[in-house]
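Participant: Let me see the structure of the following:
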Amino acid sequence: MINCIVVDDEPLARQLIESYIDQIPSLKHLGSYQSAIEAFAALHEQQIDVVFLDIEMPGINGLNFIRSLKTSPKVILITAYGHYAVDAFEIEAVDYLVKPVTFERFLKAIQKIGLRKDESVATSQVTAQSYIFLKVDKRLIKLELSDIVHAEGLGDYLKVYTTSQTYISYMTLSKLETLLPADKFTRIHRSTIVNIAFIQFIEGNFAKVNNQDLAIGLTFKDALLAKISQTL
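Facilitator: Take a look at the predicted model:
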């Protein structure tokens, strides 16, 4: 069993990583902390093997926190910025994840920790994720993939249509695309991603998706038809 903690000043970011940890049989979540100072105490009170650590936090940032320790557990850095790769190498971080972190990317980081053989098997048996978390206002909303009908990009925002309601989230369509499994979702337009399961028929340059007509972009049509043909 690998004991781990999460250190991040953003509650939603902590909750997301906690939800991922709970899905890995070999990981044991011992606590979450919003500052390096709180985490410092935890490291001296418990045996911690891995720290999932945000970099930019008020007070002591994650990098300086690790540098201040005489002995450090393994560290997986998590940040909203992509320019800390050199720092990650310097402190010998196990991995360097950029928010929002997908479950698949999280799993790759876990596999670098150095699990024992039996633990590696347990990790490999984790099933493909059947949901995503979407940030809506100040909440992380859990959406089952099977309930997502389609999504529309509105600049830096998304409108995600599910079988029950519609959500607006501050995220680009390209980022959402990386969170969705390519075998179940596809772009049909530069501003539209659809769940293939909800496509009723395609006629001309339109797709009937859950009783709604959605335009198909000319540059996406061939790829859409090729993907659908694989299900025939």
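
Participant: how is this protein carved up into domains?
Facilitator: Structurally, the chain divides into domains by automatic domain parsing as follows: 2-124, 143-229.

Participant: lowest-confidence stretch among those domains?
Facilitator: Within the domains of the chain, confidence is poorest for domain 2-124, with a mean of 84 (mean pLDDT).

Participant: Spatially, what comes nearest to the most centrally placed residue in the chain if we skip its sequence neighbours?
Facilitator: Centroid-nearest residue in the chain, with Cα atoms, centre = their mean: residue 102, separated by 2.1 Å. The shortest distance from residue 102 to any non-neighbouring residue, by Cβ to Cβ, 6 or more residues apart in numbering, is to residue 179 (5.4 Å). (Glycine included, C-beta is placed from N, CA and C.)

Participant: For the one you found, grab the count of nearby residues.
Facilitator: 19 (other Cβ atoms under 10 Å).

Participant: same deal with residue 65?
Facilitator: Using other Cβ under 10 Å, residue 65 has 25 other residues around it.

Participant: Am I right that it is in contact with residue 53?
Facilitator: Yes. Counting by Cβ atoms under 8 Å, residue 65 does reach residue 53; the two are 7.3 Å apart.

Participant: so what sits against both of these two?
Facilitator: Common neighbours of residue 65 and residue 53, using Cβ atoms under 8 Å, 6 or more residues apart in numbering, are 7, 39.

Participant: who's sitting farthest from the centroid in the protein?
Facilitator: Distance to centre of the chain, Cα atoms, centre = their mean, peaks at residue 204 (35.3 Å).

Participant: so who does that residue touch?
Facilitator: Contacts of residue 204 (Cβ under 8 Å, 6+ apart): none.

Participant: Phi, psi for it please.
Facilitator: Residue 204 adopts backbone torsions of phi 60, psi -130, taken as degrees, to the nearest 10.

Participant: between the domains of the chain, which one is nearest to residue 133?
Facilitator: Nearest to residue 133, of all the domains of the chain, is domain 2-124, at 5.5 Å by Cβ to Cβ.

Participant: sec struct for residue 47, please.
Facilitator: What DSSP: H, G, I helix; E, B strand; the rest coil gives for residue 47 is coil.

Participant: now do the one 5 residues further on
Facilitator: Going by three-state DSSP, the secondary structure assigned to residue 52 is strand.

Participant: May I have the residues that are in contact with it?
Facilitator: Contacts for residue 52 (Cβ under 8 Å, 6+ apart) come out as 4, 5, 6, 7, 8, 17, 21, 76, 78.

Participant: tell me which element the residue lying closest to it once chain neighbours are set aside falls in.
Facilitator: Using Cβ to Cβ, 6+ apart and skipping the chain neighbours, the partner closest in space to residue 52 is residue 6 (4.6 Å). According to DSSP states H and E, residue 6 maps onto strand 2-7.

Participant: Direction included, what does that strand pair up with?
Facilitator: Neighbouring strands of strand 2-7 in its sheet, by DSSP bridges, are strand 27-33 (parallel), strand 50-54 (parallel).

Participant: Would you mind telling me which of those strands is nearest residue 113?
Facilitator: Nearest to residue 113 among the strands paired with strand 2-7 is strand 50-54; the distance by Cβ to Cβ comes to 6.1 Å.

Participant: Thank you kindly, that will do.
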